[in-house]
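# just to be clear, the model below is a prediction. Sequence and coordinates:
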Amino acid sequence: MSTDQKAGAFWKRIVDYVNASHVLSGAVPREWSQCKQRWGRINEQVCKFVGCYEAAVREQASGQNENDVMKAAHDIFFNDLGIKFTLEHCWRELRFDQKWKSLGVPKEGPKEKSKEAAEVVAEEEGAEVRPPGVKACKAAKRKRQGYDEIHSMLAVKKEIQQQKVLERLLAKDPTHLSAKEITLIDKLISEMI
């Protein structure tokens, strides 16, 4: 997501916020690199756990509750990565943010139809649209620049063609020019001026 600011300014705001926390009062102030490194760890593990949680929800059997699903998600995480997921408090805080929101629809019963599930997902997607990322914005900008370059090239090509037509007409004997050719010469000369 574009924040219209440089990375240094962004992480400086984060550091100021973290160091202003009453929880850290009296502690050594954190540096921006520490905050960035911690966020990288949290982001990586929470993203992986989101996938594990979604897999656990898909495998949820009848009669299983949220605690059973969480236990299954932790088991999947441990089996896949070989480490315990210790950032559940972070996941609980982030799970409803757009980046980590589940795209799957939890099962409601044995007779749920796929059409109904698709309608629910479409309604959820219509509620909040995620803005384009940095890469998508840059790609769109490059595409616009490409169109602008093509447009300017076509304008130059048209101008060159008009100059060639004018040169051909001016090279003819003026007594043999038709009224249409004389009008065209006047038009081309007025466009060049």
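Received the coordinates, thanks.
# now the top helix by length along the chain: buried residues?
Scanning the chain for the longest helix, with DSSP state H as the assignment, gives helix 134-171. Within helix 134-171, the residues that count as buried by 16 or more other C-beta atoms under 10 Å are residue 166. Just so you know, the C-beta spots here come from the backbone N, C-alpha and C atoms, and that holds for glycine as well.
# packing partners for that helix?
helix 179-192 (3 or more C-beta pairs under 8 Å, 6 or more residues apart in numbering; DSSP states H and E).
# quick one: least confident helix or strand in the chain?
Across the helices and strands of the chain, the lowest-confidence element by mean pLDDT, DSSP states H and E is helix 114-127, at a mean of 53.
# buried set for the one helix or strand residue 33 maps to?
Per DSSP states H and E, residue 33 falls inside helix 32-58. Judged by neighbour count using 16+ other C-beta under 10 Å, the buried positions of helix 32-58 are 32, 35, 45, 46, 49, 50, 52, 53, 54, 55, 56, 57.
# which stretches of this protein aren't confidently modelled?
Within the chain, the stretches with pLDDT under 70 are 1-3, 102-128.
# in space, not sequence, find me the middle residue of it.
With distances taken as C-alpha atoms, centre = their mean, residue 133 lies nearest the centre of the chain, 2.5 Å away.
# how many neighbours does residue 92 have?
Residues near residue 92, counting by other C-beta atoms under 10 Å, number 10.
# ok, it - contacts?
Applying C-beta atoms under 8 Å, 6 or more residues apart in numbering to residue 92 gives no contacts.
# show the backbone phi and psi for it.
For residue 92, the backbone dihedrals (degrees, to the nearest 10) come out as phi -60, psi -30.
# could you do the one 3 residues further on as well?
When quoted as degrees, to the nearest 10, the phi and psi of residue 95 stand at phi -60, psi -30.
# and if you look at the one 5 residues further on?
Note on residue 100: its backbone torsions stand at phi -100, psi 0 [degrees, to the nearest 10].
# wait, it sits on residue 48?
No: using C-beta atoms under 8 Å, residue 100 is not in contact with residue 48; the gap is 11.0 Å.
# ok, so of the buried residues of helix 32-58, who is nearest residue 77?
Looking at the buried residues of helix 32-58 and their distance to residue 77, the nearest is residue 52, at 4.4 Å (C-beta to C-beta).
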